[in-house]
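Asks: please find the sequence and the predicted model below.
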Amino acid sequence: MRPPAKLLAAVLLLGAVILPTQAVAGSPWDCIGPPPSPGDGSWEPAFASISDQHPDAIEEARVRAERKLIERLCGTHPDCASLRPAVTPGEVGKGAGVVCAQVFVETLLYNQWLAKRSTDELRAKFRAAAESLLHKTGFGGKSPRVLVDKISDAGAAGGARVEAVLLPKIRLALQDAGAQLALSTTRKRKHGRWPRGVDIIVSGQAIDTMEGRVSVVQVNWSARAKTKRGVLGFMGEPLSVPASLVGPPPKQSFSTLPASTDDLSVLLDSRPGGSLCLGDRTQLRLHSATRMHVRVFDLYGTDGALLLYPNSSHRSGLVKADETIELGGPEGFIALPVPGSEAERFLVLAAPSEELLGPLAAVEGYCRVPHDLALALHRGEGLPPGVRAVSDGFRVVDDPTTCPPAPAPEERAAIEKALASLPLCNIR
């Protein structure tokens, strides 16, 4: 006995969904077929059916198949409609009172759409964070002139991820929020003086962390703004970004050390964002608005430190009020971290009297810091009461388009030998 038409249609439709294409080939209502242009790549399919009594049944079946495919690939995202142009119609079949349709999206196009959507979403998030920060400074909607200062990544300024991703996105977000960008470089900066024509100085900090099981990069924004009440500091809203959109973290991470302030600062000449090429010549400048006794340490590798100041050229360690000292001397420094390290940092400890420096008051000359104290300095721990700390540093980048040829490996190896030859500091 022949089964009723509706039952037959249901059985055949079930078979069309679960059986391979070859098993149902030739069925007059079959619309499960190969994707368009087979061999050009992989495809994401979807299938829908409807009674042939429905007005415009074929078109409605295609619409339902398209809707099903977009919902599966996109969910309820508000921008799902932008995936529709990538949908390609496939087979259409009619029989036993049923019309069916199949549609496809090429996987390559879908991945490109996903990447663009992620980029657009990330840009919107950065813009919202920039708008919030400008609003806090009181310059929201006023087209302020903004200088993007250094961006710390995993505890040290600059690096490949800063230059390739974070710095461009922060600068673009500020432009999207209505700001005008000033030249972002420390080489034009002068200690103790607000940059001419600049309303706001923005800094950033990137920290790799986890949100549940997802790796994210937390971007913290801060700003100093020149207002009628003087230069004021503001903290922006933290921004969490999937790590997959930022890139892998630096090979080395460090504890975050205090940043410079308007009245006490150490500033390293660098590229925008804080990077240096291997072999770059740079200068490290120390400035204090008030009379201070200071000790400056070069933190190298992950656990090494040497006393940089006072030294044979500046024996007292005293910085006069509003004085700037070039710690690299007339020639400056060459950016060559010790072998195996991609970063170098500098820590300034300052106190109004030498006695407040405690055991560090007696150290002078170029000398290696004992290991335990060096580790504490890397972490910013164990400082004597009443001592202030500020820092700066850099990560090296290897950009063949903008960096000169790197120094020979022997030059970096010579640094280790030179450090090993230094005496240990006399810490009382």
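Replies: Thanks, I have the structure now. Residues are numbered from 1 along each chain as shown.
Asks: following element in sequence after the longest helix anywhere in the chain, please.
Replies: Determined from DSSP state H, the single longest helix within the chain is helix 107-137. Proceeding N to C from helix 107-137, the next assigned helix or strand is strand 145-153, under DSSP states H and E.
Asks: show residues contacting the very next helix or strand once past that next one.
Replies: The helix or strand immediately downstream of strand 145-153 is strand 156-157, counting by DSSP H and E. Here strand 156-157 makes contact (C-beta atoms under 8 Å, 6 or more residues apart in numbering) with 150-151, 250, 252, 254, 268, 270, 273-275, 343-345, 392-395. Where you see a C-beta, it was placed from the backbone N, CA and C, and this is true even at glycine.
Asks: starting from strand 156-157, tell me which strands it pairs with and how they run.
Replies: Here strand 156-157 has these sheet partners by DSSP bridges: strand 145-153 (antiparallel).
Asks: flag every buried residue along the strand it pairs with.
Replies: Residues of strand 145-153 classed as buried by neighbour count (16 or more other C-beta atoms under 10 Å): Val146, Leu147, Val148, Asp149, Lys150, Ile151, Ser152, Asp153.
Asks: and these as JSON lines, adding distance to Glu211 and pLDDT?
Replies: Output for those, formatted as JSON lines (distance: C-beta to C-beta, whole Å; pLDDT from 0 to 100):
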{"residue": "Val146", "distance to Glu211": "29", "pLDDT": "96"}
{"residue": "Leu147", "distance to Glu211": "31", "pLDDT": "94"}
{"residue": "Val148", "distance to Glu211": "26", "pLDDT": "94"}
{"residue": "Asp149", "distance to Glu211": "27", "pLDDT": "92"}
{"residue": "Lys150", "distance to Glu211": "26", "pLDDT": "94"}
{"residue": "Ile151", "distance to Glu211": "21", "pLDDT": "96"}
{"residue": "Ser152", "distance to Glu211": "20", "pLDDT": "96"}
{"residue": "Asp153", "distance to Glu211": "18", "pLDDT": "97"}
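Asks: just want the angle from the helix or strand Leu349 falls within to strand 145-153.
Replies: Leu349 is part of strand 343-351 when elements are defined by DSSP H and E. Inter-element angle recorded for strand 343-351 and strand 145-153: 110 degrees (by axes from the mean of the first three to the mean of the last three C-alpha atoms, to 10 degrees).
Asks: show the average pLDDT along strand 343-351.
Replies: Mean pLDDT, strand 343-351: 97.
Asks: same for it, what does it pack against?
Replies: If you count contacts as 3 or more C-beta pairs under 8 Å, 6 or more residues apart in numbering; DSSP states H and E, strand 343-351 packs onto strand 156-157, strand 264-268, strand 284-288, strand 292-300, strand 388-397.
Asks: neighbouring strands - and their directions - for it?
Replies: For strand 343-351, the paired strands and their directions (DSSP bridges) are strand 292-300 (antiparallel), strand 388-397 (antiparallel).
Asks: got those strands as JSON lines, with mean pLDDT, mean neighbour count and distance to Glu355 columns?
Replies: Formatted as JSON lines, those follow (pLDDT from 0 to 100; neighbours: other C-beta atoms under 10 Å; distance: least, C-beta to C-beta, whole Å):
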{"stretch": "strand 292-300", "mean pLDDT": "96", "mean neighbour count": "23", "distance to Glu355": "9"}
{"stretch": "strand 388-397", "mean pLDDT": "96", "mean neighbour count": "24", "distance to Glu355": "15"}
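Asks: who's in contact with the closest residue to Asp262 other than its chain neighbours?
Replies: Nearest residue to Asp262 in three dimensions, chain neighbours excluded: Val231, at 5.8 Å (C-beta to C-beta, 6 or more residues apart in numbering). For Val231, the contacting residues are Trp194, Arg224, Ala225, Asp262, by C-beta under 8 Å, 6+ apart.
Asks: report the secondary structure state of Val231.
Replies: Using DSSP: H, G, I helix; E, B strand; the rest coil, the secondary structure recorded for Val231 is strand.
Asks: okay, domains of the protein per the record?
Replies: Using automatic domain parsing, the domain parsing of the chain gives 5-111, 138-421.
Asks: of those, which approaches Ser132 most closely?
Replies: Closest to Ser132 of the domains of the chain is domain 138-421 (C-beta to C-beta; 5.1 Å).
Asks: residues touching the nearest residue to Leu383 once chain neighbours are set aside, list them.
Replies: What sits nearest to Leu383 in space, not counting adjacent residues and going by C-beta to C-beta, 6+ apart, is Ala389, at 6.0 Å. Ala389 is in contact with Leu257, Pro258, Leu347, Val348, Leu349, Ala350, Gly380, Leu383, counting by C-beta under 8 Å, 6+ apart.
Asks: buried subset of those?
Replies: Buried, going by 16+ other C-beta under 10 Å: Leu257, Leu347, Val348, Leu349, Ala350, Leu383, out of those.
Asks: the third one contacts Ser391, doesn't it?
Replies: Yes. Taking contact to mean C-beta atoms under 8 Å, the distance of 6.8 Å between Val348 and Ser391 places them in contact.
Asks: common neighbours of those two, please.
Replies: Common neighbours of Val348 and Ser391, using C-beta under 8 Å, 6+ apart, are Val266.
Asks: now tabulate the contacts of Ala389 in CSV and tack on distance to Ala115.
Replies: As requested, those are exported to CSV (distance: C-beta to C-beta, whole Å):
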residue, distance to Ala115
Leu257, 36
Pro258, 38
Leu347, 41
Val348, 43
Leu349, 47
Ala350, 48
Gly380, 39
Leu383, 46
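Asks: helices of the protein, residue ranges please.
Replies: 5-18, 21-24, 57-74, 107-137, 160-161, 167-176, 371-379, 409-421.
Asks: got a list of contacts for the fifth one?
Replies: Helix 160-161 has contacts (C-beta under 8 Å, 6+ apart) with Asp153, Ala206, Val246, Gly247, Pro248, Pro249, Pro250, Arg395, Val397, Asp398.
Asks: again, only this time at 7 Å
Replies: Residues from elsewhere that reach helix 160-161, judged by C-beta atoms under 7 Å, 6 or more residues apart in numbering: Asp153, Val246, Gly247, Pro250, Val397.
Asks: could those be laid out in a markdown table, adding distance to Gly95?
Replies: As requested, the contacts of helix 160-161 are exported to a markdown table (distance: C-beta to C-beta, whole Å):
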| residue | distance to Gly95 |
| --- | --- |
| Asp153 | 62 |
| Val246 | 53 |
| Gly247 | 53 |
| Pro250 | 62 |
| Val397 | 65 |
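Asks: widest-spaced pair of these?
Replies: Pairwise over the contacts of helix 160-161, using C-beta to C-beta, the maximum falls at Val246 and Val397, 15.9 Å.
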